[in-house]
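> Curious how this folds, go ahead:
(one chain, ligands or ions: 1)
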Amino acid sequence: MLHVEALPDGRQAVLLDLTPVHPVDFAWPDQGADRAWLQVGADQVPVLDCVVGAVKDGRLHLGGAIPVKKGTEGWAFVVAHIVGPEAAVEEGAVVGVQVDASHRAALSAGHTGCHLASLALNRELAGAWRKDVALDAAGHPNFDALAIDTSTILPDGSRDVYRLGKSLRRRGFQPEELLGRLPDVTDRVNAVLAQWTASHAAVAVEREGRGLTDLRRWTCALPEGTVSIPCGGTHVSSLAELVEVRVHLQAEEAAGAVVVTMDTRSLRR
Ligand SMILES: [Zn+2]
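Numbers count the residues shown, from 1 in each chain. The predicted model follows:
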């Protein structure tokens, strides 16, 4: 069952009762939208973009134009499938949905690798803190959460950009413990990732409900213990699906801070 709404730019937003398509969440846009098609009768209608939307009083707000936090009472949070102006989608029709499975699988591998890489980096940098800070799911100071600028999930990989500025230093992080031994940190993170990948640990996404705003958690049964992290993305179901996860770290000066980029490749079997 479908509801269609024309957007100011001429494209159309299609809302469905249920959908398998992963939408971009404006609040944490790390994983991009799935590639997908709507099957409308004999026509395959490409989904040009897929974003989280929110409806109140019959008005649809999309992405960054949503004025409230996800889950706010009185608002319905929906997945908006954006299709072209020419797409013949009629209010109330029944449609099929197809997701590009190979693109999804590549993003899932990239997202799982991203979580593993950030946990391994936090672990390696545990000794670089002079003060107590929030800990990650494995019990190490959460450098990833405290220093992150942007995190982007890519097909079979990810890119995390960390900012080592004054505020991080004030929280007790000693940048030279990373910048002074970048190749060594890279090697040691890769060694931990190799161990974890070889463990073939089970991965699951646990959810409190089937709604878009229900909390979901990524869990992974690592050899040191099971970790659990709130996450709205998609993942592999076992590290056995990955041959290798490897990071490359590099640092550069940027206005008033040093920026460290961690590129992660998650090679699938
Ligand atoms: Zn995630």
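> So which residues of the stretch 51-200 of the chain form strands?
With strands called from DSSP state E, counting those that start in this stretch, the stretch 51-200 of the chain shows them at 59-62, 76-83, 96-99, 148-154, 157-164.
> wait, Asp49 sits on Ile82?
Yes. The pair Asp49 and Ile82 qualifies as a contact (Cβ atoms under 8 Å) at a distance of 4.3 Å. The C-beta positions use only the backbone N, C-alpha and C, and glycine is treated the same way.
> Thr219 bridge partners, please.
Ala204, Ser228 (DSSP bridges).
> Let me see the contact set for it.
When the contact criterion is Cβ atoms under 8 Å, 6 or more residues apart in numbering, the partners of Thr219 are Val203, Ala204, Val205, Glu206, Thr226, Val227, Ser228, Ile229.
> please redo it, this time with the cut-off set to 10 Å
Listed by Cβ atoms under 10 Å, 6 or more residues apart in numbering, the contact set of Thr219 reads 137, 201-206, 226-229, 231, 235.
> Name the member of the residues you listed with the most neighbours.
Each of those was scored by neighbours using other Cβ atoms under 10 Å; the highest score is His235's, at 23 neighbours.
> Tell me which helix or strand in the chain has the weakest average pLDDT.
Confidence across the helices and strands of the chain bottoms out at strand 2-6, with a mean of 91, counting by mean pLDDT, DSSP states H and E.
> and Asp49 and Ile82? which has more neighbours close in?
Taking neighbours as other Cβ under 10 Å, Asp49 and Ile82 compare with Ile82 leading, 21 against 16.
> So that one versus Val243, what's the distance?
When distances are taken as Cβ to Cβ, to the nearest Å, Ile82 and Val243 turn out to be 35 Å apart.
> likewise Asp49?
Taken as Cβ to Cβ, the spacing of Asp49 relative to Val243 amounts to 32 Å.
> how about whichever residue of the chain sits closest to the ion, phi and psi?
Across the chain, no residue is closer to the ion than Cys231, which sits at 3.3 Å (Cβ to the ion). According to degrees, to the nearest 10, the main-chain angles of Cys231 amount to phi -160, psi 140.
> residues contacting it?
With contacts taken as Cβ under 10 Å, 6+ apart, Cys231 has the following neighbours: 28, 30-31, 111-112, 114-115, 205-206, 215-219.
> Now the buried members of the residues you listed.
With burial judged by 16 or more other Cβ atoms under 10 Å, the buried subset of these is Asp30, Gln31, His111, Thr112, Cys114, His115, Val205, Arg216, Trp218, Thr219.
> Is the third one in contact with Leu242, as I believe?
Translated: His111. No. Applying Cβ atoms under 10 Å, one finds His111 not in contact with Leu242, separated by 11.5 Å.
> shared neighbours, those two?
A shared contact of His111 and Leu242, defined by Cβ under 10 Å, 6+ apart, is any residue touching both; here these are Val236, Ser266.
> hang on, the earlier thing: from the contacts of Cys231, which ones fall inside helices?
Among the contacts of Cys231, the members falling in helices are His111, Thr112, Cys114, His115 (criterion: DSSP state H).
> what's the burial count for Ala134?
The burial metric for Ala134, expressed as a neighbour count using other Cβ under 10 Å, is 9.
> now it: how far from Arg171?
With distances defined as Cβ to Cβ, the gap from Ala134 to Arg171 amounts to 9 Å.
> intersection of neighbour lists for those two?
By Cβ under 10 Å, 6+ apart, Ala134 and Arg171 have these common neighbours: Pro141, Leu146.
> That concludes my questions; thank you for your assistance.
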